[in-house]
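# what's the 3D shape of this:
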Amino acid sequence: MTEFESNGNVNRMSERRENSESLHIGDSRSSSGFEQTSILEQLLRDIPIPKMARIRQRFSTDSLPDPIGAVRASTQSYLQSAPMIRPGSSVAIAVGSRGISHIADVTKAVIDELQSIGASPFIVPCMGSHGGATAEGQAQVLAHLGIEESTMGVAIRSSMEVVELDRLPNGLPVYADRIAATEADAIVVINRIKPHTAFRGPVESGLMKMIAIGLGKQKGAEACHQLGFRYMAQNVPEMAKRMMNKLPIAFGIAIVENAYDQIYEVELITPEHMEARESELLEKAKSLMPKILFDPLDLLVIDYIGKNISGDGMDPNITGRYPTPYAHGGPDVAKMVVLDLTKESYGNANGVGTADFTTQQLVQKTDWPSTYANGLTSTVCAPTKMAMALENDRQAIQAAIKTCNILDYEQCRMVRIKDTLHLGEIWVSEALLAEARSHGDIDVLEEASAIGFDESGHITK
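Numbers count the residues shown, from 1 in each chain. Purely as a prediction, here's the structure:
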């Protein structure tokens with residue numbers, strides 16, 4: 001080795017040491033983490049968090065006075081002349097993973113009516129890849145919803161095995177749960193009708209999606225998503241129609257909720273009417289959805305996300321942050337923070353990637369394989385990425401305010417919600433109070449005050 005090469009190597013080694021030392025200041029792997037914390041504190045310590053007022057947003061409270069009675073009555077009426085369901089018929093009841101209002105009671109009402117004529121119902125989880133795409137995980141999801149063998153009085157037969165029923169003209173395979181497809185004389189599907197979070201079409205999230213994706217289990221969900229959300233508005237109903245032609249699907253129970261998660265309408269729909277009627281109910285569901293009555297926003301803070309709240313952790317129809325370019329609506333939000341993960345989500349943090357900031361406590365609760373399963377199945381990976389994770393709630397909110405691109409941080413147009421299911425009572429910053437007081441559907445419940453934080457920097461109320 002020449003003297004020049006030797007000196008060059010020494011110089012390069014010295015440069016690497018110097019670069020390493022300079023970068024080490026912000027390295028979270030340092031022994032104490034002091035340097036990293038110090039830098040973040042310096043960047044954020046002068047960022048004010050605006051005072052927040054508690055308000056009530058008022059939406060229509062119209063709802064069915066006795067939704068379970070309505071389910072019983074419609075099921076009784078159908079069973080009086082149902083050719084597919086007779087005494088002794090084995091009936092698979094397909095139930096999904098969403099926290100739908102009275103879902104356990106609705107399911108039990110259908111079971112009771114079937115048993116009253118001598119049929120033999122059982123439950124199959126109908127949720128695509130949810131529950132970690134395992135039979136045990138999907139049964140646990142149902143248990144959390146109050147749907148267990150002990151409460152329903154029937155067996156829950158959870159399996160990820162499927163059979164291929166057909167293929168679409170574009171080559172996509174059509175799958176169905178093996179047990180429901182081969183061991184049931186009839187199938188009943190129960191689901192809520194609502195706007196989808198990633199595409200728009202005449203049929204979005206409802207009975208037909210439940211059939212195509214939910215009853216298709218992980219392989220069916222994967223197939224339906226394979227060509228992307230650009231084609232979902234066509235593939236979902238097309239798959240569902242082929243499944244209804246091949247499977248003994250007797251009827252579906254369609255549920256429409258109001259803004260307060262109360263049942264506004266419930267309807268029994270047979271396969272021949274499903275596509276047309278679901279499209280009509282979707283428009284009704286859209287008109288009843290709650291929303292944030294302020295637009296635009298500098299900052300939206302969400303206390304909790306989770307799969308029990310939305311397939312995307314938080315409903316993009318509420319936040320305006322969609323995982324694909326094929327859906328639209330909601331407020332214009334400059335920055336978004338999510339603070340924590342619901343325990344009911346079992347570590348699945350899908351959706352956190354659509355936020356800008358989060359907290360270390362959410363990161364620590366995240367089950368990455370379960371979260372990644374969503375992206376691998378849906379082919380939409382951005383929601384499974386981790387947002388910039390700060391040490392605590394205070395820092396996450398300060399970081400979002402700092403990056404809002406506004407001149408006066410004190411005038412930040414900030415809204416804080418518990419989650420996207422609960423928009424009745426929310427918090428708004430002082431900059432929004434004048435709008436709140438002048439809005440006919442808003443009541444100011446508490447005047448603005450500083451957000452309370454505990455010693456660890458997390459919100460106390």
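# When you work out contacts or count neighbours from here on, use the C-alpha atoms and nothing else.
OK.
# Which secondary structure element of the protein has the lowest mean pLDDT?
None of the helices or strands of the chain scores lower by mean pLDDT, DSSP states H and E than helix 3-23, at a mean of 42.
# Once you drop chain neighbours, what's closest to the residue most central in space within the chain?
For the chain, the residue nearest the mean C-alpha position is residue 310 (1.7 Å; C-alpha atoms, centre = their mean). Leaving aside its chain neighbours, residue 310 sits nearest to residue 98 (7.3 Å; criterion: C-alpha to C-alpha, 6 or more residues apart in numbering).
# Regarding the one you found, what is its secondary structure?
Three-state assignment for residue 98 (DSSP: H, G, I helix; E, B strand; the rest coil): coil.
# ok, now residue 169?
On the basis of three-state DSSP, residue 169 is classed as coil.
# Tell me how far the residue lying closest to residue 212 once chain neighbours are set aside lies from residue 126.
Nearest residue to residue 212 in three dimensions, chain neighbours excluded: residue 240, at 4.7 Å (C-alpha to C-alpha, 6+ apart). Separation of residue 240 from residue 126 (C-alpha to C-alpha, to the nearest Å): 13 Å.
# quick one: common contacting residues for those two?
Listed as contacting both residue 240 and residue 126 by C-alpha atoms under 8 Å, 6 or more residues apart in numbering are residue 211.
# higher neighbour count, these two?
Just comparing residue 240 and residue 126: by other C-alpha atoms under 10 Å the higher neighbour count belongs to residue 126, 29 against 24.
# Can you tell me how far the more buried one is from residue 156?
From residue 126 to residue 156 the distance is 11 Å (C-alpha to C-alpha).
# Kindly report the same for residue 292.
Counting by C-alpha to C-alpha - residue 292 and residue 156 are separated by 39 Å.
# Could you check how many residues crowd around residue 230?
As a burial measure, residue 230 scores 16 neighbours (other C-alpha under 10 Å).
# How is the chain partitioned into domains?
Taking automatic domain parsing as the reference, the chain has its domains at 46-59+291-449, 82-288.
# Please identify the helix or strand for residue 416.
Counting by DSSP states H and E, the element that carries residue 416 is strand 414-417.
# Show residues contacting that strand.
50, 297-303, 423, 425-429, 431-432.
# sorry, back to before: what kind of secondary structure is the residue nearest to the centre of the chain in?
Following three-state DSSP, the label given to residue 310 is coil.
# how close does it sit to residue 328?
For residue 310, the distance to residue 328 - C-alpha to C-alpha - is 16 Å.
# One more: residue 92?
35 Å.
# Compare those two (neighbour count), which wins?
Taking neighbours as other C-alpha under 10 Å, residue 92 and residue 328 compare with residue 92 leading, 28 against 16.
# ok, and the closest non-adjacent residue to the more buried one?
Nearest non-adjacent residue to residue 92 (C-alpha to C-alpha, 6+ apart): residue 187, at 4.7 Å.
# My read is that residue 424 contacts residue 260, right?
Yes. Taking contacts as C-alpha atoms under 8 Å, residue 424 lies within contact range of residue 260: 7.4 Å.
# Looking at the two, which has the bigger crowd around it?
A direct count of neighbours by other C-alpha under 10 Å for residue 424 and residue 260 places residue 260 higher, at 21 against 18.
# if I read this right, that one contacts residue 291, doesn't it?
No. In this structure, residue 260 is not within contact of residue 291 by C-alpha under 8 Å, at 11.0 Å.
# Run a quick neighbour tally on the closest residue to residue 388 other than its chain neighbours.
Leaving aside its sequence neighbours, residue 388 sits nearest to residue 357 (C-alpha to C-alpha, 6+ apart; 4.7 Å). By other C-alpha under 10 Å, the residues close to residue 357 number 25.
# How about the contacts made by residue 357?
336-338, 387-390, 396-397, 399-400.
# 7 Å instead?
336-338, 387-389, 396, 400 (C-alpha atoms under 7 Å, 6 or more residues apart in numbering).
# What of residue 389?
Residues near residue 389 by C-alpha under 7 Å, 6+ apart: 357-360.
# Measure how far whatever helix or strand it lives in is from the centre of its chain, please.
Assessed by DSSP H and E, residue 389 sits inside strand 388-390. Offset of strand 388-390 from its chain centre (C-alpha atoms, centre = their mean, to the nearest Å): 21 Å.
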